[in-house]
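[1] here is the input, now give the coordinates:
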Amino acid sequence: MTSAECPGGERISTNIPELPLAGAVIFCILFGISSFLHGFQMYKTRTWYLTALVVGGLCECIGYITRAINATEEPGCWSLGAYVAQNVLILVAPAFMAASIYMILGRIILLTDGDSHSLIGRRWITKIFVTGDVISLLMQSSGGGMMAVGEELLETGENIIIGGLFVQLAFFGFFVVAAGIFHRRMSLAPTAKASDPAVRWKNYLLTLYVTSALILIRSIFRVVEYLTGNDGVLLRSEVYLYIFDSLLMAVVLLWMNWFHPSELGLLLRGQNPGKNGLELVGVRI
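    Just a heads-up that it's a prediction; the model follows:
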């Protein structure tokens, strides 16, 4: 990070090039629309465990609002408050999404009566993985805050963020393995509930695999980004952030708008889940 005099009060100067306004606005709109839909879907189906997913979407939306604010300012010389907000919120948003994804596996196991096929007991799945998620979230947010304080804490903050991302990768990787083992065991010896055509448990697991893979790819990108440092090509070019972070996280939210996890709860209550998640908001396609 380099220092320079910036007009207009308290500012922060970095070696990152000019921020494109269009990209920030586009993703702000995408995340805003998807988060609003998720909030409405959650309210209609009373799937309150998806609150973290909505919070993650809102973090993304607000993060890109503040990124757009910085984009209107002098390149490399941005308002400190907006700079801190965009970096921390965009960084930690996937951790909130992950918390809801972890909870979905437990509901799949409950719906299929598949406790005997699970590597970890259903009641422990949420406790173990959400605990890891909270640790990762706290490390990333504290590291992001430290990086914004000044050059003296820049390296320490980066190291804490990298540690938090590795924690996220470890728990998410273990989660995918646990889901895969459950999938294989259930395929080899399906329970009576899993054999019901209305219980599309393989489709629900597909949603877990897709969203988990996207978050894992994004987390690996972030690890490499911070390991290469401020002078690395990943931090100096915005295109990588928009491809390997913004776009992937938008796909996670939009995918779950369509394949909404509320179907699990509706089936557990003996109700018809409908064809897709958009039917919950009155849109029939």
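
[2] residue 30 - that's part of a helix, no?
    Yes. Residue 30: assigned to a helix according to DSSP: H, G, I helix; E, B strand; the rest coil.

[3] make sure it is actually in contact with residue 250.
    Yes. Look at residue 30 against residue 250 with C-beta atoms under 8 Å: they come within range, at 4.9 Å. All C-beta spots, glycine's among them, are computed from the backbone N, C-alpha and C.

[4] and the gap between the most centrally placed residue in the chain and residue 178?
    Centroid-nearest residue in the chain, with C-alpha atoms, centre = their mean: residue 94, separated by 2.1 Å. Distance of residue 94 to residue 178, computed by C-beta to C-beta, to the nearest Å: 19 Å.

[5] again with residue 221
    24 Å.

[6] and the helix or strand hosting residue 155, which residues are buried?
    Using DSSP states H and E, residue 155 sits in helix 154-188. Within helix 154-188, the residues that qualify as buried are 154, 157-158, 160-165, 167-169, 171-172, 175-176, 178-179, 182-183, 186, counting by 16 or more other C-beta atoms under 10 Å.

[7] what of stretch 220-227?
    Quick answer for stretch 220-227 (16+ other C-beta under 10 Å): 221-223, 225-226.

[8] what do you get for stretch 39-53?
    39, 41-42, 45, 47, 49-50, 52-53.

[9] in helices, which of the residues you listed appear?
    Applying DSSP state H to the buried residues of stretch 39-53, the entries found in helices are 39, 41-42, 45, 52-53.

[10] find the nearest non-adjacent residue to residue 44, please.
    residue 280 (5.2 Å; C-beta to C-beta, 6 or more residues apart in numbering).

[11] enumerate every residue touching the one you found.
    Going by C-beta atoms under 8 Å, 6 or more residues apart in numbering, residue 280 touches 40-41, 44-45, 260, 262, 274.

[12] hmm, 10 Å instead?
    37, 40-45, 47, 257, 260, 262-263, 266, 273-274 (C-beta atoms under 10 Å, 6 or more residues apart in numbering).

[13] and after the helix or strand hosting residue 213, which helix or strand comes next?
    Element membership for residue 213, per DSSP H and E: helix 201-228. Next helix or strand after helix 201-228 toward the C-terminus (DSSP H and E): helix 233-236.

[14] now for that following helix, which elements pack on it?
    helix 201-228, helix 238-241 (3 or more C-beta pairs under 10 Å, 6 or more residues apart in numbering; DSSP states H and E).

[15] of the ones you listed, which shows the lowest average pLDDT?
    For the helices and strands packed on helix 233-236, mean pLDDT drops lowest on helix 238-241, to a mean of 90.

[16] mind listing what's buried in that helix?
    238, 240-241.

[17] so how far is the helix or strand just after that helix from its chain's centroid?
    Next in sequence after helix 238-241, counting helices and strands by DSSP H and E, comes helix 247-258. For helix 247-258, the separation from the chain centroid amounts to 9 Å (computed by C-alpha atoms, centre = their mean, to the nearest Å).

[18] low-confidence stretches in the stretch 151-285 of the chain?
    Within the stretch 151-285 of the chain, the ranges that satisfy pLDDT under 70 run 281-285.

[19] apply 80 and report the result again.
    151-152, 229-232, 235-236, 270-285 (pLDDT under 80).
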